[in-house]
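Asker: Everything below, folded, please.
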Amino acid sequence: MARKLPAELVLIAVALLAAGCAALGDGPPRPAHPVEGVRKVVDSLAAEIRKRTAADPFRNLPVVVRTTTAANTGIEPIIAELVRTRLIESGVAVDADCAKRCMEIALQEFAIDAPKPTGLTPGQILLVGGASIPFVGGLIRTLGEQEREQERAANRATGVFVTFAAREGSRYTARAHVVAIISAGDVALERQ
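Answerer: I've put the predicted structure just below:
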């Protein structure tokens, strides 16, 4: 049998629920969905590549986009394919292989754990000028590491280390590097 609650308790419960819902809406903004981060990286990288194909030493070279992992797992092959498509749609010459001369773009996925929030945003492109970037990645190995992994999630960033190389045969005539941020902080996963 259902118990009948006094009207005052029902009103208090409704008021508390309404106050709780309002408080949840006033909190910090939810992190972006991972797909949004990939879209922003593809947009940013395509713009960066178009800009570099118009400047020396990469001027008018056909573009080759490749990944550095042998297994072709992870997000790199997906980003590479989307970047190729975006470049072709914008009129940039994209080759499958570097025959004689090309601008070779190599993608290497990475994750970094920082001791405090990084202030990075998905889609952000960072120039690399000879500085070292701490690469940390891999599988979760133990249950204790799973707990530490959740604690570090708020300060984790994932991205793609991008190398731009002007090639003539097997000789590099120029090289440059950028980092494209895919996600920063805890990522909100929602059902679509």
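Asker: would you list every one of the strands in the chain?
Answerer: 63-67, 101-113, 125-128, 156-168, 171-184 (DSSP state E).
Asker: among those, where is the model least confident on average?
Answerer: Ranked by mean pLDDT, the strands of the chain bottom out at strand 125-128, with a mean of 84.
Asker: For it, which helices and strands make contact with it?
Answerer: If you count contacts as 3 or more CB pairs under 8 Å, 6 or more residues apart in numbering; DSSP states H and E, strand 125-128 packs onto helix 34-53, strand 171-184. Where you see a C-beta, it was placed from the backbone N, CA and C, and this is true even at glycine.
Asker: now with 7 Å?
Answerer: Counting contacts by 3 or more CB pairs under 7 Å, 6 or more residues apart in numbering; DSSP states H and E, strand 125-128 packs against strand 171-184.
Asker: helices or strands up against the strand it packs on?
Answerer: So strand 171-184, by 3+ CB pairs under 7 Å, 6+ apart, packs with helix 34-53, strand 125-128, strand 156-168.
Asker: Buried deepest among those, which one?
Answerer: The highest mean neighbour count among these, using mean count of other CB atoms under 10 Å, belongs to strand 156-168: a mean of 20.
Asker: Next, the residues that contact that one from outside, please.
Answerer: Applying CB atoms under 7 Å, 6 or more residues apart in numbering, the contact partners of strand 156-168 are 41, 45, 52, 57-58, 61, 76, 79, 98, 100-113, 118, 120, 172-184.
Asker: Could you spell out the sheet neighbours of it, each with its direction?
Answerer: strand 101-113 (antiparallel), strand 171-184 (antiparallel) (DSSP bridges).
Asker: Pull out the buried residues from the first one.
Answerer: Using 16 or more other CB atoms under 10 Å as the test for burial, strand 101-113 gives C102, M103, E104, I105, A106, L107, Q108, E109, F110, A111, I112, D113.
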